[in-house]
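> Structure for the following, please:
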Amino acid sequence: MKVIMDERGKKYLLPEDREFHSDLGIIKKEQMERATIGDVLITHLDKEFKVIKPNVNDFIDLMDRRCAILYQKDIATVLARTGLGSGDRVVDAGTGAAASALNFGNIVGPKGHVTSYEIREDFAEVAKKNVKNFGLDNIEIKNKDIKEGIEEEELDLIFLDLPKPFEILEDVLDSLKLGGWLSIYAPYIQQAEISYNICKKLGFSNIDIVENLERGIEVRPQGVRPKTRMLGHTGYLVFARKL
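Coordinates of the predicted model:
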């Protein structure tokens, strides 16, 4: 898989079976077939496109979504707070377009494994296509309701992006290994509060609720200041550990 980037910095997935068309011109199929990472492709309007190797963020920006996905600020916190690493085993529920699963699969590497549960068949098919196109073979998409039971055991992380995650927390506790983490994405504080209280009742440790607010910095010739607009509330993150 390759990505091309135009003179404006806009990126596109490189099609493999047809010409590429944009407002900056046409790139012939033969040009794309011969292209390697680092090449510069010239359109019929004499505009340049650079061929780059996409990382997981590039791919997620361009992939088929059909639903909302987690922001980088939230998925980054999950990765950092849980200490997810090479060789770890993950269950992800509420796959959507597989943005979270792709991040997990990218981190755990070929020695690790990610199983993602998605109840909707249409979303599951999109997720499978995205995983295949990115080229990871350590992710399995299951078109199944996780409430029917978590089949995997001795997990390092279970990540839930569900309307009522608190309904399966007993199963989560049983499926985690000692030292494993539960993480929940909850758009509403009531979901986070109920999950927190049930985690406490079940005997989880290190229970916490966090919210990330991201504000960029504007750099101008006349000075540097915070941007007027910021990436505010997206969701609450609940963390709990089996110890």
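> The lengthiest strand in the chain: what's the following helix or strand?
The longest strand of the chain (DSSP state E) is strand 176-186. Remark: after strand 176-186, the chain's next helix or strand is helix 189-202, criterion DSSP states H and E.
> Just checking: what are the partner strands of whichever helix or strand comes after that next one?
Where DSSP H and E defines the elements, the next helix or strand beyond helix 189-202 is strand 205-211. In the sheet, strand 205-211 lines up against strand 236-241 (antiparallel) (DSSP bridges).
> Contacts for the strand it pairs with next, please.
Strand 236-241 is contacted from outside by 74, 77-78, 81-82, 165, 179-189, 191-192, 195-196, 199, 204-212, using Cβ atoms under 8 Å, 6 or more residues apart in numbering. Any C-beta I mention is one placed from the backbone N, CA and C, and that applies to glycine too.
> In the lowest-mean-pLDDT helix or strand in the chain, which residues are buried?
Least confident helix or strand of the chain, by mean pLDDT, DSSP states H and E, is helix 29-34 with a mean of 82. Applying a neighbour-count criterion of 16 or more other Cβ atoms under 10 Å, one finds 31-32 buried in helix 29-34.
> Other residues contacting the helix or strand just after that helix?
Moving toward the C-terminus from helix 29-34, the first helix or strand encountered (DSSP H and E) is strand 40-42. For strand 40-42, the surrounding residues in contact (Cβ under 8 Å, 6+ apart) are 4, 27, 31-32, 35, 48-51.
> Apply 7 Å and report the result again.
Outside strand 40-42, the residues that touch it by Cβ atoms under 7 Å, 6 or more residues apart in numbering are 4, 27, 31, 35, 48-51.
> Against which helices or strands is the longest strand of the chain packed?
For strand 176-186, the helices and strands in contact under the criterion 3 or more Cβ pairs under 7 Å, 6 or more residues apart in numbering; DSSP states H and E are helix 72-82, strand 155-160, helix 189-202, strand 236-241.
> could I get those as CSV with mean neighbour count?
CSV is the format used below for those (neighbours: other Cβ atoms under 10 Å):
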stretch, mean neighbour count
helix 72-82, 17
strand 155-160, 25
helix 189-202, 17
strand 236-241, 23
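> Generate a markdown table for those, with distance to residue 225 as supplementary columns.
Shown next, in a markdown table, are those (distance: least, Cβ to Cβ, whole Å):
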| stretch | distance to residue 225 |
| --- | --- |
| helix 72-82 | 21 |
| strand 155-160 | 36 |
| helix 189-202 | 31 |
| strand 236-241 | 29 |
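> Save the ones you listed as TSV, and put in distance to residue 114 and mean pLDDT too.
Shown next, in TSV, are those (distance: least, Cβ to Cβ, whole Å; pLDDT from 0 to 100):
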stretch	distance to residue 114	mean pLDDT
helix 72-82	13	96
strand 155-160	9	98
helix 189-202	22	98
strand 236-241	19	98
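> Out of these, flag the one nearest residue 125.
strand 155-160 (20.9 Å; Cβ to Cβ).
> Show residues contacting that closest one.
Residues outside strand 155-160 that contact it (Cβ under 7 Å, 6+ apart): 78, 82, 84, 88-94, 100, 172, 175-177, 180-184.
> In the sheet, which strands lie alongside the longest strand of the chain, parallel or antiparallel?
Using DSSP bridges, the strands paired with strand 176-186 are strand 155-160 (parallel), strand 236-241 (antiparallel).
> The last one to helix 189-202, inter-axis angle?
What separates the directions of strand 236-241 and helix 189-202 is an angle of 10 degrees, with axes from the mean of the first three to the mean of the last three Cα atoms, to 10 degrees.
> Next, the angle helix 72-82 makes with strand 236-241.
When the same axes, to 10 degrees is applied, the directions of strand 236-241 and helix 72-82 differ by 10 degrees.
> Could you list the alpha-carbon positions for strand 236-241 in PDB?
Written as PDB, here are the backbone C-alpha positions of strand 236-241 (Å, rounded to 0.1, in the frame of the first residue of the first chain):
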ATOM      1  CA  TYR A 236     -14.500  10.200  29.100                       C
ATOM      2  CA  LEU A 237     -11.900   7.400  29.500                       C
ATOM      3  CA  VAL A 238     -12.300   4.900  32.300                       C
ATOM      4  CA  PHE A 239      -9.300   2.800  33.400                       C
ATOM      5  CA  ALA A 240      -9.200  -0.100  35.800                       C
ATOM      6  CA  ARG A 241      -6.600  -2.800  36.400                       C
END
